[in-house]
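Colleague: I'd like to go over a predicted model; first the sequence, then the structure.
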Protein chains: 2
Amino acid sequence: MAVWKWREKQQDGQPETHLGFSPPTPTLSDMKWWVKWWRWDPNVGKFTVGDTVGVGCIVGCCGNCRPCKSDVEQYCNKKIWFVVKIPEGMSPEQAAPLLCAGVTVYSPLNHFGLKQSGLRGGILGLGGVGHMGVKIAKSMGHHVTVISSSDKKRVEALDHLGADDYLVSSDATRMQELADSLDYIIDTVPVFHPLEPYLSLLKLDGKLILMGVINTPLQFLSPVVMLGRKTITGSFIGSMKETEDVLEFCKEKDLTSMIEVVNMDYINTAFERLEKNDVRYRFVVDVAGSKLSP
Amino acid sequence: MAVWKWREKQQDGQPETHLGFSPPTPTLSDMKWWVKWWRWDPNVGKFTVGDTVGVGCIVGCCGNCRPCKSDVEQYCNKKIWFVVKIPEGMSPEQAAPLLCAGVTVYSPLNHFGLKQSGLRGGILGLGGVGHMGVKIAKSMGHHVTVISSSDKKRVEALDHLGADDYLVSSDATRMQELADSLDYIIDTVPVFHPLEPYLSLLKLDGKLILMGVINTPLQFLSPVVMLGRKTITGSFIGSMKETEDVLEFCKEKDLTSMIEVVNMDYINTAFERLEKNDVRYRFVVDVAGSKLSP
């Protein structure tokens, strides 16, 4: 995720937070065009020239539908790009993962009323989203258990990321010990997995929040959900408001993500390493430092 | 479900709403013993001698766990019987289905913030719980769509129960027309069924509330839940507070359930008819009129 110098456009006197065009994916030529457009357009919205701003995930916003009018424009069907101001003093490369993985975790915690301290949360799967999950939940004052299929990431979770507990899902004794103990689980696993073992870890009214786009049907038994009024839900990135909030939250808590900054010419290698899951936990492409021709 | 003349017991000066013993199922000898106990015990709690009260479903209450302390004692693991006062002017046979099917529908609407008028709800499956669902949701001022696998219950749903719409789940055109239109679906189907078609009917943040105990795993695709932050959840009867509330609500709205009152000697025939789904919609056993020996 690249971070850009950007600003907001105004149309018809109405401030808007989107740029009014919609490329399907960010290509190098798009990026150059945006920079030209930025230089050309004289209007200024809530951003000022020289502000450091970030472009988040593709989010939808027609401005007219119910999601748009309820500050949850990420669920609108019309795809448009947004920009968000990076807080003073936060480095763009640190902001980058927050615009995607960070807000993806922050949004459901915010929406489902899971921000107060003292909660007990589980993070299932320790990748890019999972590592942000541990850091953000810990900063909210939660007791955080990382749940994994093997013991491989124990040191990483407990010593480097600051999790409170580490649970191997095949350890039946400990799974039983932690039954009915968690207020929520953020489930970042992107492949098929059984849900019952994790639903069993939830307390009454506990929430299993899915983040992984999985095209094999997931399964569960209805009594496991009913007898405890548990919730299976999912969430998709976050709203502009939540993106601004997570940046401010991380600034305030001095929360940093674990990233590897690379130049544009490293992209192919980065993709190869991504395929081997060889990154802790996000590549950030330094476009400004990549000396692209204008 | 029989309705009894009953009253509350006090222990150690603390009013309690349970009776302090726990038969696994209500047998005739249990019932007789309770009547004896009622005659013998001199203490009076919030009920007075001569009050008409109801015994609801078996609900758990140890009085000490988190569910018990949060007015959701139906999720406690210790099974004890409760009694609840029947509002003045409500007939016991009308109260009976409310103590089970009624509160089973009322509880999730109450808990998940779905009581305000103007909502659009779906009732999937028109049986005992479903028919109470239509009546209660209509009384809350909701637009109610009955969803069924065939056209058989259309007249019943629209003309007798007052539903606003009737949707046959195999009608692809109408299913598409009603996509993203419902705030919730109360799913009363007690056998395996695919969840995707019904999840697709839900709006952003819509809730699919399962009521059927199904031992075959239910299935769904994670993107269907994520892209709309939809919720799959379930609920189990209701709390004592909600049981009292639903009785008052139905009294106030003059809401009656469709029942068939039978005597105790009809029980075997009633069970045979239940197996054939031949009841609209609840049998109520008139114990007092059955002339049992004391």
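Modeller: Okay, I see it.
Colleague: quick check, A:S257 in a helix?
Modeller: No: A:S257 is assigned coil when assessed by DSSP: H, G, I helix; E, B strand; the rest coil, not a helix.
Colleague: what's the burial count for it?
Modeller: 21 (other Cβ atoms under 10 Å in any protein chain shown). The C-beta positions use only the backbone N, C-alpha and C, and glycine is treated the same way.
Colleague: Break down the stretch 51-200 of chain A into its strands, ranges please.
Modeller: Applying DSSP state E, counting those that start in this stretch to the stretch 51-200 of chain A gives strands spanning A:52-55, A:59-60, A:79-80, A:83-85, A:120-124, A:143-148, A:165-168, A:182-187.
Colleague: who wins for proximity to chain B among those strands?
Modeller: When the strands of the stretch 51-200 of chain A are compared by Cβ to the nearest Cβ, strand A:182-187 sits nearest chain B, at 8.9 Å.
Colleague: circling back: take the strands of the stretch 51-200 of chain A and write them to a markdown table, including distance to chain B.
Modeller: Formatted as a markdown table, those follow (distance: least, Cβ to the nearest Cβ, whole Å):
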| stretch | distance to chain B |
| --- | --- |
| strand A:52-55 | 21 |
| strand A:59-60 | 10 |
| strand A:79-80 | 13 |
| strand A:83-85 | 20 |
| strand A:120-124 | 12 |
| strand A:143-148 | 16 |
| strand A:165-168 | 20 |
| strand A:182-187 | 9 |
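Colleague: Out of those strands, name the one with the poorest average pLDDT.
Modeller: Lowest mean pLDDT within the strands of the stretch 51-200 of chain A: strand A:59-60, a mean of 50.
Colleague: so A:G206, which of the three states?
Modeller: Criterion first, three-state DSSP; result for A:G206: strand.
Colleague: Report the contact partners of it.
Modeller: The contact partners of A:G206, by Cβ atoms under 8 Å, 6 or more residues apart in numbering or on different chains, come to A:L182, A:D183, A:Y184, A:I185, A:L199, A:G228, A:K230, A:T231.
Colleague: of the strands of the stretch 51-200 of chain A, which approaches B:E260 most closely?
Modeller: strand A:182-187 (44.1 Å; Cβ to Cβ).
Colleague: what's that closest one packed up against?
Modeller: helix A:103-111, strand A:120-124, helix A:128-139, helix A:196-201, strand A:202-210 (3 or more Cβ pairs under 8 Å, 6 or more residues apart in numbering or on different chains; DSSP states H and E).
Colleague: Pull up the pairing partners for it, direction included.
Modeller: strand A:120-124 (parallel), strand A:202-210 (parallel) (DSSP bridges).
Colleague: Retrieve the pLDDT associated with A:G228.
Modeller: pLDDT, read off for A:G228, is 93.
Colleague: What sits closest to it if chain neighbours are left out?
Modeller: In space, and not counting its chain neighbours, A:G228 is closest to A:L204: 5.2 Å by Cβ to Cβ, 6 or more residues apart in numbering or on different chains.
Colleague: Over to A:S200?
Modeller: A:S200 sits nearest to A:A179 (Cβ to Cβ, 6+ apart), 5.2 Å away.
Colleague: same check, this time on A:N215
Modeller: Using Cβ to Cβ, 6+ apart, the closest residue to A:N215 is B:L221 (6.4 Å).
Colleague: Repeat that for A:H160.
Modeller: Using Cβ to Cβ, 6+ apart, the closest residue to A:H160 is A:M258 (7.8 Å).
Colleague: ditto for A:G118
Modeller: A:G141 (6.4 Å).
Colleague: Verify the stated contact: A:K253 with A:K138.
Modeller: No: with contact defined as Cβ atoms under 8 Å, A:K253 does not reach A:K138; the gap is 9.1 Å.
Colleague: Neighbour count: these two, which is higher?
Modeller: A:K138 (19 against 13).
Colleague: which ones are touching that one?
Modeller: A:V144, A:L161, A:G162, A:A163.
Colleague: Just the buried residues out of those residues, in ChimeraX syntax.
Modeller: Buried residues within the contacts of A:K138, by 16 or more other Cβ atoms under 10 Å in any protein chain shown, are selected in ChimeraX with:
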select /A:144,161,163
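Colleague: Make TSV from the contacts of A:K138 and add distance to B:E73 to it.
Modeller: Below are those laid out as TSV (distance: Cβ to Cβ, whole Å):
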residue	distance to B:E73
A:V144	30
A:L161	38
A:G162	37
A:A163	34
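Colleague: nearest to chain B, of the contacts of A:K138?
Modeller: A:V144 (20.3 Å).
Colleague: circling back to that earlier point, from A:G238, how far off is the residue nearest to A:G118?
Modeller: 20 Å (Cβ to Cβ, to the nearest Å).
Colleague: more crowded one of those two?
Modeller: Remark: of A:G141 and A:G238, A:G238 carries more neighbours, 29 against 11, as counted by other Cβ under 10 Å.
Colleague: So that one: helix, strand or coil?
Modeller: Assignment for A:G238 (three-state DSSP): coil.
Colleague: And it, what's its pLDDT?
Modeller: For A:G238, pLDDT reads 87.
Colleague: need the contact list for A:G89.
Modeller: Per Cβ under 8 Å, 6+ apart, neighbours of A:G89: A:K251.
Colleague: redo that, cut-off 6 Å
Modeller: By Cβ atoms under 6 Å, 6 or more residues apart in numbering or on different chains, the contact list for A:G89 is empty.
Colleague: How about the one 5 residues further on?
Modeller: Under the criterion of Cβ under 6 Å, 6+ apart, the contact partners of A:Q94 comprise A:T256.
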